[in-house]
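Colleague: please find the sequence and the predicted model below.
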Protein chains: 2
Amino acid sequence: MPSLPGFFANYQETMTRALDAMVPASRPDPVRDAMRYTLLAPSKRVRAVVVLLAADLCGGASRAMPAACAIEAIHASSLILDDLPCMDDAPLRRGRPTVHTVHGEAVAILAAFGLLNDAYGHLSRSYDPALAARVTALYADAVGLDGLVAGQAEDVLATDAAISFETLERIHRRKTGVLFSAAATAGALTAGGSAGDIEALTAYAKNLGLAFQVVDDLLDVTGTEAETGKAVRHDARKTTFVSFSGVDGARELAQELCRTATLALTPFGSRAARLGELADFVAARRL
Amino acid sequence: MPSLPGFFANYQETMTRALDAMVPASRPDPVRDAMRYTLLAPSKRVRAVVVLLAADLCGGASRAMPAACAIEAIHASSLILDDLPCMDDAPLRRGRPTVHTVHGEAVAILAAFGLLNDAYGHLSRSYDPALAARVTALYADAVGLDGLVAGQAEDVLATDAAISFETLERIHRRKTGVLFSAAATAGALTAGGSAGDIEALTAYAKNLGLAFQVVDDLLDVTGTEAETGKAVRHDARKTTFVSFSGVDGARELAQELCRTATLALTPFGSRAARLGELADFVAARRL
């Protein structure tokens, strides 16, 4: 079993090939180009890694790839929306101009729509019906009005507004935590994990997801554009974990969340070593 | 078997109740409000009617409602996108201000995203896995890069440009025809229709869908805002079936497409009477 860096290196090529096949370059058109531009951009693909590692832990990752690709497509679609002029109005993402600055707003929005749509199409075509329907219901719940869509709306509407720490946490649990939990659960489902496995992995992933967001806020303040691939100091108009707790407080919070995440893995013992390493990576990441 | 107007009247209340339950008003928030504003707007719900009538023809509509609701949610989401400032920039839809003018662009886009997402979630929760996966794959193909998303992109990018009749027809076959075909096929699938049933219904629906769009173009020129619920003379910058063929030519084309649609129903004999009536209604509609 390779350590986490080895695993990252091993799976990146397989993952890129799988994503490439999911939205093939067959017939170039603007929306397809914009979808591939986002989906195939250099990225850590942390949500996909969570799917694969959770599956690996529950019996093997051999059936995990379609669920991993689908969650990356969902995540990619949410990034396109996040960056739109009417939302965060971001010029850079992953070191490159954002989709709407390259392809225009209409094509960007249709590409986001296409990626979300193809995530579900991909699940329905890649899995036996029982697994497809379960992962579809899981992802749809994570994206919908108790998850990503609600968190993103509250985040946009909270710009320039004073919000409480509880509201901030709720926004990011929905925007990020819920999708991380769905990733872990999906991985477990593809490998036949037990209800107990899923419970432990959900607790791990929801804290990991929130930690990931806290570090995002930190990097907006402490990072450079070259490190993060995004315009930094972009969140000045927003309430963030750093504006609440300061740099040191936010760093402590991220570490605390990663410790809580790792603690949830106790039932798995040493078999969960790589998920523990992933939590360490998230707490310490610079990109 | 009630005639088409009777059927329209009967099913509207059931349909509205089913859509209301799909996105319940439980906890008001801006995105949920925007989703319900679009999904529950007064509407003919022609795509849903196609699902229900196709199912009825193939053995019974008792399992057709979730597929009908899902296709209405997909259609509603595409209307929100169509009307955005970066696309058609439309002020009115179904007699009311468009979603983005009421809720702002960010909430409108997230509502569209939420409706597409919930369409798939609804299918996965409402049907046995085998049927859920089949209808999901069917709808995802109709929405994706060979359907709605591609048609909408080509439509937006063609504004102000000279396009051929073939291009115009391809745009609207993708934007409208493909979803109508998917509606008919879904209805047949929920009722256990045969491959032959599906083939005939697909031929019917794709021509009906294109006719529907031709009449839309006609109504933009000949209708009033009160009749159509939309700003009329809004397509002046676009190439439409009317700008190609004139009012009389477009009217003939719509009638021809509806005749072709009805002809495809021949194998069903008199059992397809209501689908034939629906084609007559589309050819003659004023709203």
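Modeller: All right, it came through fine.
Colleague: from now on I want contacts and neighbour counts done on CA atoms only, so please keep to that.
Modeller: Fine.
Colleague: and residue A:193, what is it in contact with?
Modeller: A:55, A:58-59 (CA atoms under 8 Å, 6 or more residues apart in numbering or on different chains).
Colleague: work out for me the element it sits within.
Modeller: Assigned by DSSP states H and E, residue A:193 belongs to no helix or strand.
Colleague: so residue A:72 touches residue A:43, yeah?
Modeller: No. With contacts counted by CA atoms under 8 Å, residue A:72 stays clear of residue A:43, the gap being 10.1 Å.
Colleague: who has more neighbours, these two?
Modeller: residue A:72 (26 against 15; other CA atoms under 10 Å in any protein chain shown).
Colleague: so how far is chain B from the more buried one?
Modeller: For residue A:72, the distance to chain B (CA to the nearest CA, to the nearest Å) stands at 15 Å.
Colleague: report the helix or strand with the lowest average pLDDT across chain A.
Modeller: helix A:225-228 (a mean of 77; mean pLDDT, DSSP states H and E).
Colleague: how about it as CSV, C-alpha atoms only?
Modeller: Listed in CSV are the C-alpha atoms of helix A:225-228, where the atom choice follows Å, rounded to 0.1, in the frame of the first residue of the first chain:
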residue,chain,number,x,y,z
GLU,A,225,-1.2,33.9,-6.2
ALA,A,226,1.6,31.6,-7.5
GLU,A,227,1.0,29.1,-4.6
THR,A,228,-2.8,29.1,-4.7
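Colleague: residues touching the helix or strand following that helix, excluding its own?
Modeller: Using DSSP H and E, the helix or strand that follows helix A:225-228 in sequence is helix A:241-263. Residues from elsewhere that reach helix A:241-263, judged by CA under 8 Å, 6+ apart: A:165, A:168, A:203-208, A:210-212, A:214-215, A:217-218, A:221, A:275-276, A:279-280, A:282-283.
Colleague: distance of the nearest residue to residue A:209 once chain neighbours are set aside relative to chain B?
Modeller: Distances taken as CA to CA, 6 or more residues apart in numbering or on different chains put residue A:177 closest to residue A:209, at 4.3 Å, once the chain neighbours are dropped. Counting by CA to the nearest CA, the separation of residue A:177 from chain B is 18 Å.
Colleague: quick check: the residue of the stretch 151-287 of chain A nearest chain B.
Modeller: Among all residues of the stretch 151-287 of chain A, residue A:153 sits closest to chain B, at 6.4 Å; criterion: CA to the nearest CA.
Colleague: check contacts around that residue.
Modeller: Here residue A:153 is in contact with B:30-31, B:106-107, B:110 (CA under 8 Å, 6+ apart).
Colleague: would you map the helices across chain A?
Modeller: Remark: helices assigned in chain A by DSSP state H are A:4-22, A:30-39, A:46-57, A:65-83, A:99-103, A:105-126, A:129-143, A:148-158, A:165-172, A:178-190, A:195-222, A:225-228, A:241-263, A:273-284.
Colleague: out of these, which one sits most buried?
Modeller: helix A:178-190 (a mean of 29; mean count of other CA atoms under 10 Å in any protein chain shown).
Colleague: just checking, what packs against that helix?
Modeller: helix A:46-57, helix A:65-83, helix A:129-143, helix A:195-222 (3 or more CA pairs under 8 Å, 6 or more residues apart in numbering or on different chains; DSSP states H and E).
Colleague: between helix A:148-158 and the second one, find me the angle.
Modeller: What it means is helix A:65-83. 20 degrees (axes from the mean of the first three to the mean of the last three CA atoms, to 10 degrees).
Colleague: now residue A:54: closest residue in space, sequence neighbours ignored.
Modeller: residue A:187 (5.0 Å).
Colleague: any idea how far residue B:51 is from the one you found?
Modeller: 35 Å (CA to CA, to the nearest Å).
Colleague: who's in contact with residue A:177?
Modeller: A:205-210.
Colleague: farthest pair within these?
Modeller: A:205 and A:210 (8.5 Å; CA to CA).
Colleague: ok, residues contacting stretch A:209-217?
Modeller: A:169, A:172-173, A:176-181, A:235, A:240-242, A:250-251, A:253-255, A:257-258, A:282-283, A:285.
Colleague: show the contacting residues for residue A:58.
Modeller: Going by CA under 8 Å, 6+ apart, the list of residues near residue A:58 reads A:188, A:191-193, A:197.
Colleague: out of the helices and strands packed on helix A:178-190, which is closest to residue B:81?
Modeller: Comparing those by CA to CA, helix A:65-83 comes nearest, at 12.6 Å.
Colleague: and that closest one, what does it pack onto?
Modeller: helix A:4-22, helix A:30-39, helix A:46-57, helix A:105-126, helix A:178-190.
Colleague: would CSV of those helices with mean pLDDT and distance to residue B:102 be doable?
Modeller: Formatted as CSV, those follow (pLDDT from 0 to 100; distance: least, CA to CA, whole Å):
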stretch, mean pLDDT, distance to residue B:102
helix A:4-22, 85, 36
helix A:30-39, 96, 28
helix A:46-57, 96, 35
helix A:105-126, 98, 19
helix A:178-190, 98, 29
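Colleague: in CSV: those, plus distance to residue B:97.
Modeller: As requested, the helices and strands packed on helix A:65-83 are exported to CSV (distance: least, CA to CA, whole Å):
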stretch, distance to residue B:97
helix A:4-22, 38
helix A:30-39, 28
helix A:46-57, 39
helix A:105-126, 20
helix A:178-190, 33
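Colleague: list the contacts for residue A:226?
Modeller: Counting by CA under 8 Å, 6+ apart, residue A:226 has contacts residue A:95.
Colleague: that one and residue A:215, how far apart?
Modeller: 16 Å.
Colleague: what residues does the stretch 51-200 of chain A put near chain B?
Modeller: Taking CA under 8 Å from any CA of the partner chain as the criterion, the stretch 51-200 of chain A approaches chain B at residues A:86-87, A:105-107, A:110-111, A:113-114, A:116-118, A:120-122, A:124-125, A:129-130, A:132-134, A:136-137, A:140-141, A:143-145, A:149-150, A:153, A:156.
Colleague: pop out the phi and psi values for residue A:224.
Modeller: Main-chain torsions, residue A:224, degrees, to the nearest 10: phi -110, psi 160.
Colleague: setting aside sequence neighbours, what's the nearest residue to it?
Modeller: residue A:232 is the one closest to residue A:224 (CA to CA, 6+ apart), at 6.5 Å.
Colleague: quick one, grab the pLDDT at the one you found.
Modeller: Residue A:232 carries a pLDDT value of 74.
Colleague: tell me the one of the contacts of residue A:193 nearest chain B?
Modeller: residue A:55 (21.5 Å).
Colleague: surely the closest one touches residue A:197?
Modeller: No. Contact criterion CA under 8 Å: residue A:55 and residue A:197 do not qualify, at 10.2 Å.
Colleague: what do those two both touch?
Modeller: residue A:188.
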